[in-house]
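>>> next come a sequence and a model predicted from it.
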Amino acid sequence: MNKFERQSRDPAAQQTLPEAIAEELSDIPTEVIDISDAPPIAPRAPLTQGEVRTILMSLLLTMFLAALDQTIVATALPTIGRQFQDVSSLSWVISAYLLASTAVAPVFGTLADIYGRRAMIIAALSLFVAGSILCAVAPNMPVLILARGLQGLGGGGIMPIVQTVISDVVTPRERGQYQAYFSGVWVVGGIGGPILGGVFAEHLHWSMIFWINMPLALGALALLLPKMGKIPVFHRRRKVDWLGGLLLMASAVVFMLVLTWGGNRYLWLSPVIMAMIGASVALALAFVWHARNAEEPFLPLPLMGGTVVPYAMVAGSCAMGAMLGLTVNLPLYYEVVYRLSASEAGLALIPLAAVSTVGAAIAGRTMARARHYKRVAIIGTSMAALCGGALAFTALPLWGLLTLLSIFALGLGTTFPVSVVSIQNSVVRSQVGTATGAMNFFRALMASFTVAAFTAILLMALGADISLGGEHRGPVNSILASDMVTAFRYVFGAATALMACASLCMILMEEKPLAGPASVPAEMAE
């Protein structure tokens, strides 16, 4: 009998397997896997450079909407208050947007990983446009505040989805360069928003600050939607953990209310504030417990661990907090110490905001060329910490202060592209949206916390009960320049501590290789 001849004369259908093999086969799971939501097996045709440019232009326009709407309302608030004869509630026009946009950032990031980028960008822009229309036609202050909250729900979803779409169409090595462009959009929106809002309120009508969102949003959708079908699909359909999302949002909203009301409406140690802090902590602990026990949690806790994500998130949050904390408080310093007018103080903020974009651009280009890409962020954050220390311990003329602030901002800006790309490069593609939404969420919380903390530090150092918003009159004029210089040393010291923390996190963060082609020869990649 040769080796190809059957060893048994019985028909194959009548033969039985040995018991050991039959038992082993019976243990193999026979679950039928639904692949209806899986990406197609055949790869999509790669995007051309023209299509990538079109997508990025539409994303820039989309993000400009969110950046503009955070600042354009500020200069129109007095006009709105006079029309509605309600000045006491004006702060809620700003706060409602910030509360809503901060709370929903992780929600949209996670939903983009479940239902896809196209569905979520349409949902975010639809909510934003609907809120804008309701704001423009609002008959009274309560309706305007509610409409601003609806607008914030859409605005809060724009940032994480835009960053997630970038990760879908651009490799991690090339991605840092584009992050610099988006940082520039935030600078333009931050600087141009108050100017545009003032022009509309003074020469046209305050409702124009909301009507202008209509053509911008429609233009962004017209550019983006025809190309969305070609973007690679990385989302995975699964059950949505709504309870986990609600617990996380509720905890964030209560915490933001503490930062908004603490020291203003209520004393920091008042029973109301202490009860709200306790409620926020309890909701956060409930979220953590639920996430540990849920089968597919809203925000997987292991995603927040590892050797990259926590360090990159803390570094980016510290940089964002330092920049916004100084941006809010520096105008008062300019007015008291250098006797600048309110408009001149606003112009003096440009170096802090604009030069950070240059730092982001340098870091982005370095990431495209260098193997050890995090070195630029380590150098930048260390340089910012040194400049912050110099500002804290040295009295300078205005030109010297602006020079040091520019170097501070240059170093600070390197943190943003490195932290964003490092986070997205370290997680699986089906969780990029979730990680990006969580990053924006914690950055917003940190920014709100540092603004409140810097303000509290300044007021404690001054020993004065003054308002840092609006027109600085009366009590501000009675503050001596020498007292303000002394008090602001603590503010600059706090900014220095944040940048030192960012530098330490960048040093400790693992430097994982970036996917994508290097744009220079290998000998330059070191």
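Nice, I can see it. Residues are numbered from 1 along each chain as shown.
>>> number of residues surrounding Leu347?
12 (other C-beta atoms under 10 Å). The way it works is simple: take the backbone N, C-alpha and C, and place the C-beta from them, glycine included.
>>> quick one, phi psi at it?
When read as degrees, to the nearest 10, the backbone of Leu347 gives phi -70, psi -30.
>>> what about Thr260, distance to Gln70?
15 Å (C-beta to C-beta, to the nearest Å).
>>> kindly report the same for Ala315.
Distance of Ala315 to Gln70, given as C-beta to C-beta: 23 Å.
>>> quick one: which of these two has more around it?
Between Ala315 and Gln70, counted using other C-beta under 10 Å, Ala315 has the larger neighbour count: 30 against 18.
>>> give me the secondary structure label for the more buried one.
At Ala315 the chain is in helix, as set by DSSP: H, G, I helix; E, B strand; the rest coil.
>>> OK, contacts around it?
377, 381, 415, 418-419, 501-503, 505-506, 509 (C-beta atoms under 8 Å, 6 or more residues apart in numbering).
>>> between all of those, which two are separated the most?
Greatest spatial distance in the contacts of Ala315: Val418 and Cys501, 15.1 Å, computed using C-beta to C-beta.
>>> more neighbours: those two, which one.
Val418 (30 against 19).
>>> assign the most centrally placed residue in the chain to helix, strand or coil.
What sits nearest the mean C-alpha location of the chain, by C-alpha atoms, centre = their mean, is Asn440, with 2.9 Å. What three-state DSSP gives for Asn440 is helix.
>>> quick one: the closest residue to it other than its chain neighbours from Gln424, how far?
Nearest residue to Asn440 in three dimensions, chain neighbours excluded: Ala105, at 4.3 Å (C-beta to C-beta, 6 or more residues apart in numbering). Distance, Ala105 to Gln424, by C-beta to C-beta: 15 Å.
>>> looking at these two, which is more packed in?
Neighbour tally, Ala105 and Gln424, criterion other C-beta under 10 Å: the higher count belongs to Ala105, 29 against 25.
>>> ok, that one - contacts?
When contacts are counted by C-beta under 8 Å, 6+ apart, Ala105 touches 156-157, 159-160, 437-438, 440-441, 444.
>>> and the next helix or strand past the strand or helix carrying it?
Under the criterion of DSSP states H and E, Ala105 resides in helix 91-115. Later in the chain than helix 91-115, the nearest helix or strand by DSSP H and E is helix 117-136.
>>> report the buried residues of the very next helix or strand once past that following helix.
Of the helices and strands lying after helix 117-136 in sequence (DSSP H and E), the nearest is helix 141-169. Using 16 or more other C-beta atoms under 10 Å as the test for burial, helix 141-169 gives 141, 144-169.
>>> helices or strands up against helix 141-169?
Other elements packing on helix 141-169 under the criterion 3 or more C-beta pairs under 8 Å, 6 or more residues apart in numbering; DSSP states H and E are helix 49-69, helix 77-84, helix 91-115, helix 117-136, helix 172-203, helix 415-426, helix 432-462.
>>> reformat those helices as JSON lines; add mean pLDDT.
JSON lines is the format used below for the helices and strands packed on helix 141-169 (pLDDT from 0 to 100):
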{"stretch": "helix 49-69", "mean pLDDT": "78"}
{"stretch": "helix 77-84", "mean pLDDT": "77"}
{"stretch": "helix 91-115", "mean pLDDT": "81"}
{"stretch": "helix 117-136", "mean pLDDT": "87"}
{"stretch": "helix 172-203", "mean pLDDT": "72"}
{"stretch": "helix 415-426", "mean pLDDT": "87"}
{"stretch": "helix 432-462", "mean pLDDT": "83"}
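>>> so which of these gets nearest Thr496?
Among these, helix 432-462 sits nearest to Thr496 (C-beta to C-beta), with 12.2 Å.
>>> buried residues in the closest one, which are they?
Of all the residues in helix 432-462, those buried under the rule 16+ other C-beta under 10 Å are 432-455, 457-459, 461-462.
>>> heading C-terminal from that helix, find the next helix or strand.
Under the assignment DSSP H and E, the closest C-terminal helix or strand after helix 432-462 is helix 481-508.
>>> list the buried ones in that following helix?
Applying 16+ other C-beta under 10 Å to helix 481-508 flags 483-484, 487-488, 490-506 as buried.
>>> repeat for stretch 344-358
Under the neighbour-count criterion of 16+ other C-beta under 10 Å, stretch 344-358 has 345-346, 348-358 buried.
>>> what about it, start to end distance?
Stretch 344-358 has an end-to-end distance of 23 Å (criterion: C-alpha to C-alpha, to the nearest Å).
>>> okay, and Leu243 sits in which element?
For Leu243, the host element (DSSP H and E) is helix 242-261.
>>> just the residues contacting that helix, thanks.
Residues from elsewhere that reach helix 242-261 (C-beta under 8 Å, 6+ apart): 91, 95, 98-99, 102-104, 106-107, 110, 272-273, 276-277, 279-280, 283-284, 286-287, 290-291, 294, 297-299, 441, 445, 448-449, 451-452.
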